[in-house]
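Enquirer: Just to be clear, the model below is a prediction. Sequence and coordinates:
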Amino acid sequence: DGMNVAFYNFIPYAYKNDAGDLTGTDVDTLKVVLERLGGKIAEAGAVEWGALIPGVKTGRFDVVAAGMFVTPKRCAEVLFSEPTFGIQDAFLIEKGNPHGISNYESISANSDLKIAAVSGSAQVGYARTAGVSEANIIQLPDNATAVAALNAGRIQAYAVSAPGVRQVLAALPDANIEGTPPFSEVAGKKVVSHGAFAFRKTDTEFVTAFNKELKAFIGSPEHIALLESHGMTADELPISTTAELCAE
């Protein structure tokens, strides 16, 4: 008896590799922890971002493995495991950074600059918090659309995570884009985004056992090697607990 897993196809958290196998930091971590609990992944399906939480709540899946950030709003709907990573933000920008973009505040300070982020992502909220006007926040479906918009000059920055920026740059070595240095504050508030697995609220007993194995694994040499194999680093280990993140 295995678990039915929902994932959102996004490197480095969960994606199909060239061989068609499901991999990624979240998927591979989940495999290790379930194995230690004597379980396994029975099936895994790619799901639209907006359908992940409703799907786990209604029992369509047992767990969401999608690099989902722990936020108080989401904590009200699902039961998160302890975090598996804590990542800073960074932007993709035009090569040479002609607009002098370094963070969200540098966008809000200039009404000519437009920033894009994946629809419904934490980055959309960060842009609002930093005072970027709604008209200058463009919500897009994926990385490819954002890179095209950047190249066409429709946007001047694309907000993703620091690992997300690294992945896009690695995939598009000849593109006229670069990444900003990572940063950890928006409007004076720490914004290290922590990802975790999402379960149903009623699965408390299982999640307690799951967290015990997860915490033993996170930060271990085996876990750091797993992160590095997907382009993340030891700098992206979690620095907050789920209880702290839910209470923010």
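Expert: All right, it came through fine. Numbering: from 1, shown residues only.
Enquirer: Which strands and helices lie in contact with the longest helix along the chain?
Expert: Secondary structure of the chain per DSSP state H: the longest helix is helix 204-217. Helix 204-217 sits against helix 25-36, strand 193-199, with contacts defined as 3 or more CB pairs under 8 Å, 6 or more residues apart in numbering; DSSP states H and E. Glycine gets a C-beta too; all of them are placed from N, C-alpha and C.
Enquirer: Spatially nearest residue to the residue most central in space within the chain (excluding sequence neighbours)?
Expert: Nearest residue to the geometric centre of the chain (CA atoms, centre = their mean): Gly67, 4.4 Å. Nearest residue to Gly67, sequence neighbours excluded (CB to CB, 6 or more residues apart in numbering): Tyr13, at 3.1 Å.
Enquirer: what sits against the one you found?
Expert: The contact partners of Tyr13, by CB atoms under 8 Å, 6 or more residues apart in numbering, come to Phe7, Gly24, Thr25, Asp26, Val27, Ala65, Ala66, Gly67, Gly195.
Enquirer: how many neighbours does Thr71 have?
Expert: A count of nearby residues for Thr71, using other CB atoms under 10 Å, gives 17.
Enquirer: my guess is it meets Ala122, correct?
Expert: Yes. Thr71 is within contact range of Ala122, at 7.0 Å (criterion: CB atoms under 8 Å).
Enquirer: residues making contact with the helix or strand hosting Arg74?
Expert: Per DSSP states H and E: Arg74 is located in helix 72-75. Residues outside helix 72-75 that contact it (CB under 8 Å, 6+ apart) are Ile53, Met68, Phe80, Ala198, Thr242, Leu245, Cys246, Ala247, Glu248.
Enquirer: just stretch 117-130 next, same as before
Expert: 49-50, 69, 71, 89, 103-105, 107-108, 115, 134, 137-142, 146, 158-160, 186-187, 189, 191, 193.
Enquirer: Which ones among the residues you listed map onto helices?
Expert: Counting by DSSP H, the contacts of stretch 117-130 contribute Trp49, Gly50, Tyr104, Glu105, Ile107, Ser108, Ala146 to helices.
Enquirer: Against Tyr13, how distant is Gln139?
Expert: According to CB to CB, to the nearest Å, Gln139 stands 20 Å off from Tyr13.
Enquirer: could you dump the ones in helices among the contacts of stretch 117-130 to CSV with distance to Ala42 and neighbour count?
Expert: Below are the ones in helices among the contacts of stretch 117-130 laid out as CSV (distance: CB to CB, whole Å; neighbours: other CB atoms under 10 Å):
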residue, distance to Ala42, neighbour count
Trp49, 22, 16
Gly50, 24, 11
Tyr104, 41, 27
Glu105, 46, 16
Ile107, 44, 27
Ser108, 46, 19
Ala146, 34, 25
